[in-house]
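[1] here you go, sequence then predicted model.
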Amino acid sequence: MSKIEWTGKTWNPVTGCSKTSEGCRNCYAEKMAIRLKAMGQPKYQNGFEITWHESELAFTPKSNLVFVCSMGDLFHNKVPYEFIDGVMGVIRSYPNSIFQILTKRPKNMKQYFSINTVPSNAWLGVSVENRLALSRIDRLREIDTALRFISFEPLLSDVETLDLRNIHWVIVGGESGSKARPMQKEWVENIHKQCQQANIPFFFKQWGMYGEDGIKRTKRKNGSLLNGKIWQEMPNT
């Protein structure tokens, strides 16, 4: 089982990435990949360099929710279409599982799916950390797919008024780690209010290293209560 609250299992046919925006500054996956390399894990012998793993195309899901590439970006410029084709083939082979694909490179994702059909059991999402990244939502909206979602994690600023047309799910979370930047309660409430107005499922993952009260403490102690309630809504499928 995955430790990521909004999925059941992670699958990493691609590992490694490169920084593309402010949300990448304290990348948890990079730190983990370097640690796994030091531990001698064969899959991470290249550390956080972009690597695709042919052996992962023999993957069998053991959950009805699978997060694809929690340790990289499937739509990084360096990942060849031929390998992405293989990943999509695996997804199509398991129609009873949902595969959640999240990227910071929606232009690449849009380009790929302009010549390929999105599997019916794939959810496509973008990461958005601040207002400078809002254009990713527009690119996502241009892809012909059944379900689109946004992950505002780590949320680093107020995103003000959102265009949530044809968006079906929203995740929000604060940053973790010793160098984490604080997330303001008002930013979270703003997104939550807009989701409620648009009737979009809202999933609040965590506060991260700074709690609802703005005090720095462990992620576990800060928890995931927003105004005294757990918000872990999922899309209807």
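    Happy to help now that I have it.
[2] can you tell me the SS state at the residue positioned nearest the centre of the chain?
    For the chain, the residue nearest the mean C-alpha position is residue 102 (4.3 Å; CA atoms, centre = their mean). Recorded secondary structure, residue 102: strand (DSSP: H, G, I helix; E, B strand; the rest coil).
[3] could you do residue 79 as well?
    coil.
[4] and the residue nearest to the centre of the chain, what does it touch?
    Counting by CB atoms under 8 Å, 6 or more residues apart in numbering, residue 102 touches 67-69, 125-127, 149, 151. No exception for glycine: its C-beta is placed from N, CA and C like everyone else's.
[5] give me the element the residue in the chain sticking out farthest from the centre is part of.
    Largest separation from the mean C-alpha position in the chain: residue 40, at 26.6 Å (CA atoms, centre = their mean). Under DSSP states H and E, no helix or strand contains residue 40.
[6] pLDDT on stretch 145-158, on average?
    The average of the pLDDT scores along stretch 145-158 is 98.
[7] name the element the spatially closest residue to the residue nearest to the centre of the chain that is not a sequence neighbour belongs to?
    Nearest residue to residue 102 in three dimensions, chain neighbours excluded: residue 125, at 4.5 Å (CB to CB, 6 or more residues apart in numbering). Element membership of residue 125, judged by DSSP H and E, is strand 122-127.
[8] ok, the residue nearest to residue 102 touching residue 99?
    No: look at residue 125 against residue 99 with CB atoms under 8 Å: they stay out of range, at 11.1 Å.
[9] show me which of the two is the more surrounded one.
    Set residue 125 next to residue 99 and count neighbours by other CB atoms under 10 Å: residue 125 wins out with 25 against 22.
[10] and the contacts of the strand holding residue 125?
    With contact meaning CB under 8 Å, 6+ apart, strand 122-127 is reached by 23, 88, 91, 98-104, 106, 109, 118, 133, 136-137, 139-140, 143, 145-153, 169, 235.
[11] partners of residue 122 in the sheet?
    Per DSSP bridges, the residues bridged to residue 122 are residue 99.
[12] quick check, pLDDT for it.
    98.
[13] can you check the one 10 residues further on too?
    Reading off the per-residue confidence, residue 132 sits at a pLDDT of 97.
[14] and the gap between it and residue 157?
    Applying CB to CB, to the nearest Å, the value for residue 132 to residue 157 is 9 Å.
[15] all helices of the chain, in order?
    28-38, 81-93, 106-113, 135-141, 185-198, 219-222 (DSSP state H).
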